[in-house]
Each structure stands twice: as C-alpha cells, then as structure tokens.
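Q: give me the fold of what follows.
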Amino acid sequence: MKNNFFGRQPYLNILQKRIGDLKYGYRQNIAIIGDELVGKTSIIYKFLGKFSDTRIIPLYLEVKPESLSVFAKRFIGMLLYNFLSNSDISLKEDLDFLIRRSERYIPKTVEKIRNILTALEKRKKNNIFVDLLSLCEIIHQETDKFCIVILDEFHNLEGLGIKNLYREWSRCLILQKNTMYVIISSLKFHTKNILAKSLSLLFGNFELVTVEPFDIKASGEYLDARIGNLRIPASLKDFIIHFTGGYPLYLELITEELLNPNPPSLSAILEKLLFDSSGALNQRFSNYIKRFLDKPHSQEYISILYLISNGSNTIKEIAHILHKPKNELVSRMGYLLEIDTITRSGDFLKINDRVFGFWIKFVYQEKLHSLTFDAKNQQAKFIDNIEAMSKEFVDSTQKSIEERITELMRLFDNEMLSVDKKRLRLSHFREIKPLEFNSKNLKNGVLGRSSDNLWIIAFKDGPLTEDDIGDFCHECKKYRQKPQKRIIITLHDIDLSARLAALEEKITAWDINNLNQILDLFYKPRIIA
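A: Just a heads-up that it's a prediction; the model follows:
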C-alpha cells in the first residue's frame, strides 16, 4: 500500500516478541487469519523489511496452486538465499548456484537437499514435505541458526498432493523445537477448523491472530496522509471511513480518485468503482458471485445474501421470507459461513465485506430485477441510493449518543448476539428513558425496562477509569429491580485496569468498536469519533 503503513503496530509487536523468544528456547507458532486484502501480507512484508538478526533465517513463501516439485524448489531456494544473505557473497536467484555456494558452510543440509531433488526427479513424493521441513533443523545443528517458516495462504498445501499432510506436519511441529512457523490464510473458518482438529497439539500449538480492517483512528490517519493538503469536509471523510469499514483496498481506491486534478464527487467515484461494468470493484464482486452460480441451490445462496444486505439478517426472518424450513436454510448458511462470506453473531447474520453487501443490494440485485435495459435510469437510482445513505449518516452525526442508543434499543426484540465472545440477549423493552447520574465523570445514560430485566447504561465522554466503574456501581444500587444488565460505554479504548475493574463488578464495558458491531447488525450508521 504505497509507502503508508497504519494501525498495524500491535501485529508487528506480536511477531517481534514471538520471534525474539525463539532464540531463548521458547517457540510459539502463529496463525494469522483475516479477510482477503485486509493487509495480512503487508504486515509480513513490513516486518521482514525491517528484520535483521543474523541468528535467524526467515523463509517467506506464498503457497500457490502448483506442483510439489515447484514448491520444493522454491522452498529450498528461499532457504539457501536467506541463509547466504548475511555473507559477502554476491547472490543470484539460481538454485544450482545457491547449492554450490552453501555447500562449504552447511554440507549436511546440502546433502539432504540433493537427496530431495533426486527423489523429485524420480517422482518419489513420499516424505518430501517432511524432508523439506527437516532442512531447518539440520541447518540449526550445523550453524546454531533458527528458522522462521512463513507460509502465506498455507491452505494451498492441500492441493500439492502431500499424503497425510497435517498428520505428518503435526509430528514435525512436536519434534522441531528450533523452527517456528507462521501460517497465513484468508480462509478463516477453514483455518480455525484445521487448528482445532488437525494441528491441535500439546506442544507446538498455534497462537491465533486475526487481522481486522483499520479501526476508526487508523482509517482517519490513512486518509489524512494520503489526501495531504486536499480539503474535504469532515463529514465526507467520516462517511468514507464508515462506508469502507476500514478496508485498506477500498480506502486506497477512493483516495486515488480524490487525488485526481479535478476530483469528482464521492457519488461519482463510487459509481465508477461499483456500478460501471468496467469498475474495479464491480469486476471483483462480479467474479466473486460467480462461485455460487455453478453450485446446486445457487439462487438460494444469492437470495440469502441479498436479504442479509437488505437488513433481513436473522435466520427467522430469512426463513419466513423465503418460505423455507429453518433446518434447510441452516445448511445453505453453513456453506456461506465456511467460505467466509458471512459470519454469525447469535441470531444475526452479517456479510463480512460491507462494501460487497452494498454492491449486492444496490448494484447486482437492481440490475437483475430491472424491467428495462435503461442504464441511465439504473445509474441515477444508484446515485440516489448513495446520496440517501450519505444523508442518513450525516443526520445521525447530529444526534447525541444517548439519542442514537435509544433508537437502537427500540429495535431490540429478544434476539441473541455475541459481543467480545459473550452472549447477550437484547431484551424487548416496554420502557426506555434517559438517565442523569450524580457522578463527577458520569453524567448521562439510558434506562431500559422489560418485563423481566432492567438495563442501566452509562456514557463516559473520556477514557474509562477504575473510579468510573466504582461510581457506576454506586448509581446502579439506587434501582431495586433485578436482574440488572449494567453497561458502561466509552468512545475511547478501554485500558486493562478499567476492564478488570468492570469484570470484577460484573459490569459490561463497551468501547466504540463494540458499539459499532451492534449498530452494524441493525444497519444503523456507525459512530465515528
């Protein structure tokens, strides 16, 4: 992403710590997952670009649909090239050259390499993968250097014809104490299954790291850095952050258009990217949707995606609209979950890529159901939808957080969802009213009363502190109705001490990301602060 790099320091810190610990006898493998184009590989490139440790050999490989022979030669070439990179030798990307140059330093490793290459020439593929991985341990024995094997889109190993892939790899993970593995995948659901079943080990387990899109702060920093001196209204900038969901690719495509000598309006930019048949995102999403068209029940998959994008995003609603039994739809939704098109939060379903969801609703379905071939009419309707969405967002920014939470609570109807891996029932309230607290730092809140529950919500303008938790507990004691759901909301990050204090008092503490997750499920504009 050009020369800009934002909001990824926590991921870099994890890599730095885990790789640093390897030299001192503590090996922790890492699995990095995240949606396509969310920036997983950029994080690795950034880390490797600054990495310098003569005792560690990094080996980065993008695993492609290819033959085992080609993969093996790339693996060996990368290993030897990076081993020699700290020497004074002028290097060439030629395998025979690298083998000759390495032989005097690591003769046992080179002997093993020649055995692997001979086996490949004779088409003997058994144990090739295990033999490749063993090279890292042999190098350690000869040089005392450690290897970091980074396999990008590692799930493509499944297409190389490796017999008993995960069983054999598991044995290596247990026995190889001086080799660390970093696996990367865009197939989140599939990878979690592999880690839970095939690579679930007592020793050698993987730490799971999920790369999320940019948060609000990083998105804002990215826009400021890319746009530079270009003046755009704050509301437009905030809408771009809201619309893109912080996906680096979408932010980049929009800012590239804004930086044109005569930048068009945002509506025109999105029309070009999403509506035009030659638009970059229109082509991307059109190709993505094709994966459903050749499958049985293809129309049901597309109908489910359309309904979710249109706000009918509970299983109950979808079953009612499609006149299908729930158990039949569960298998369809299961496939969409497995390929990471949607995720589930309690009773709610959500399209992972919010821009793809917008395209499904306002481009794909509109063109599909159009009664005419009047492209100009469809184009005008698309722009109207963009402008209506933008107006709704701007209008929402004029409201206080108390107003927005009150509107949200009126939509609750006893659904279940998950926030921070905790299940939460959204009570159907018969009474919702504003609150005022007699606390120095907590001033306003909202009370929601249902037939069997009482929600007490407080808002904190600044960062949350342990004292705020104590004050909130004191305020909640004024209400006798039980049980109580006590929630405190801040638009800032919540530090560990405040989280622990809230946990001890059985108070739910939400930051802006938690709040926006719930707003997303009800198709309400995000809060940008």
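Q: can you pull out the low-pLDDT segments for this protein?
A: 1-4, 202-204, 370-374 (pLDDT under 70).
Q: most distant residue from the centre of it?
A: The C-alpha centroid of the chain is most remote from R104, which lies 44.9 Å away (C-alpha atoms, centre = their mean).
Q: any idea how far that residue lies from I89?
A: Distance, R104 to I89, by C-beta to C-beta, to the nearest Å: 11 Å. Using the backbone N, CA and C atoms, a C-beta is placed for each residue, glycine as well.
Q: kindly report the same for F214.
A: In this view, F214 and I89 are 41 Å apart by C-beta to C-beta.
Q: more neighbours: which of those two?
A: F214 (23 against 13; other C-beta atoms under 10 Å).
Q: hang on, that one in a helix?
A: No. Residue state for F214 (DSSP: H, G, I helix; E, B strand; the rest coil) corresponds to coil; a helix is not indicated.
Q: what sits against the nearest residue to it once chain neighbours are set aside?
A: Distance criterion C-beta to C-beta, 6 or more residues apart in numbering; nearest residue to F214, sequence neighbours excluded, is G246 at 3.7 Å. Residues near G246 by C-beta atoms under 8 Å, 6 or more residues apart in numbering: 212-216, 218-219.
Q: element containing G246, please.
A: Counting by DSSP states H and E, no helix or strand carries G246.
Q: and what of G49?
A: Per DSSP H and E: helix 40-50 holds G49.
Q: what's the answer for V446, then?
A: Judged by DSSP H and E, V446 forms part of strand 444-449.
Q: ditto for I456
A: In the assignment (DSSP H and E), I456 maps to strand 454-460.
Q: in the helix or strand following that strand, what counts as buried?
A: Downstream of strand 454-460, the first helix or strand assigned by DSSP H and E is helix 466-476. Neighbour-count burial for helix 466-476, counted by 16 or more other C-beta atoms under 10 Å, picks out 466, 468-469, 471-473, 475-476.
Q: cool, and stretch 169-185?
A: 169-170, 172-173, 176-185.
Q: how far off centre is it?
A: 24 Å (C-alpha atoms, centre = their mean, to the nearest Å).
Q: start to end distance for that stretch?
A: 17 Å (C-alpha to C-alpha, to the nearest Å).
Q: same question, stretch 394-403
A: From start residue to end residue, stretch 394-403 stretches across 14 Å - C-alpha to C-alpha.
Q: what comes into contact with stretch 403-414?
A: Against stretch 403-414 from outside (C-beta under 8 Å, 6+ apart): 396, 399, 425-429, 432, 434, 446, 448, 455, 457, 459, 489, 518-519, 522, 524, 527.
Q: okay, buried residues for stretch 345-354 please.
A: For stretch 345-354, by 16+ other C-beta under 10 Å, it's 345-354.
Q: circling back: quick one: which of the buried residues of stretch 169-185 sit in strands?
A: Here DSSP state E is the test, and these give 179-185 as lying in strands.
Q: now distance to P325 too, for these, in CSV please.
A: Below are those laid out as CSV (distance: C-beta to C-beta, whole Å):
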residue, distance to P325
T179, 50
M180, 48
Y181, 44
V182, 44
I183, 39
I184, 39
S185, 34
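Q: closest to P65 out of these?
A: Using C-beta to C-beta, S185 comes nearest to P65 of these, at 14.4 Å.
Q: would you mind measuring the gap between the ends of stretch 438-451?
A: Criterion C-alpha to C-alpha; first-to-last residue distance in stretch 438-451 is 27 Å.
Q: got the contact list for it?
A: Counting by C-beta under 8 Å, 6+ apart, 402, 405-406, 409, 412, 427-437, 454-462, 465, 467-468, 471-472, 474-475, 479, 481, 488 sit against stretch 438-451.
Q: what do you get for stretch 25-37?
A: Here stretch 25-37 makes contact (C-beta under 8 Å, 6+ apart) with 11, 14-15, 18, 21, 40, 43-44, 173, 177-188, 191-192, 195, 204-213, 247-249, 340, 352-353.
Q: show me just the buried residues among the residues you listed.
A: 11, 14-15, 18, 40, 43-44, 173, 177-188, 191, 195, 204, 206, 209, 211, 213, 247-249, 340, 352-353.
Q: quick check: longest helix of the protein.
A: helix 375-397 (DSSP state H).
Q: for the stretch 151-300 of the chain, what spans make up the helices?
A: 165-175, 188-196, 216-227, 234-244, 248-258, 266-270, 280-293, 298-309 (DSSP state H, counting those that start in this stretch).
Q: would you turn those helices into TSV with distance to Q28?
A: Shown next, in TSV, are these (distance: least, C-beta to C-beta, whole Å):
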stretch	distance to Q28
helix 165-175	11
helix 188-196	13
helix 216-227	26
helix 234-244	33
helix 248-258	27
helix 266-270	43
helix 280-293	34
helix 298-309	37
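Q: looking at these, which is closest to A502?
A: Comparing those by C-beta to C-beta, helix 216-227 comes nearest, at 21.8 Å.
Q: now that closest one - C-alpha only, CSV.
A: Taking Å, rounded to 0.1, in the frame of the first residue of the first chain, the C-alpha atoms of helix 216-227 are listed here in CSV:
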residue,chain,number,x,y,z
ILE,A,216,-11.5,4.4,13.0
LYS,A,217,-8.3,6.1,14.2
ALA,A,218,-6.1,4.3,11.7
SER,A,219,-8.6,4.9,8.8
GLY,A,220,-8.5,8.6,9.6
GLU,A,221,-4.7,8.7,9.8
TYR,A,222,-4.6,6.9,6.4
LEU,A,223,-6.9,9.4,4.8
ASP,A,224,-5.0,12.4,6.2
ALA,A,225,-1.7,11.0,5.0
ARG,A,226,-3.0,10.1,1.5
ILE,A,227,-5.1,13.1,0.8
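Q: pull out the buried positions in that helix.
A: 216, 218-220, 222-223, 226-227.
Q: can you check stretch 134-141 too?
A: For stretch 134-141, the neighbour count (16+ other C-beta under 10 Å) marks 134-140 as buried.
Q: so who does P525 touch?
A: Contact partners of P525, counting by C-beta under 8 Å, 6+ apart, are 242, 392-393, 396-397, 519.
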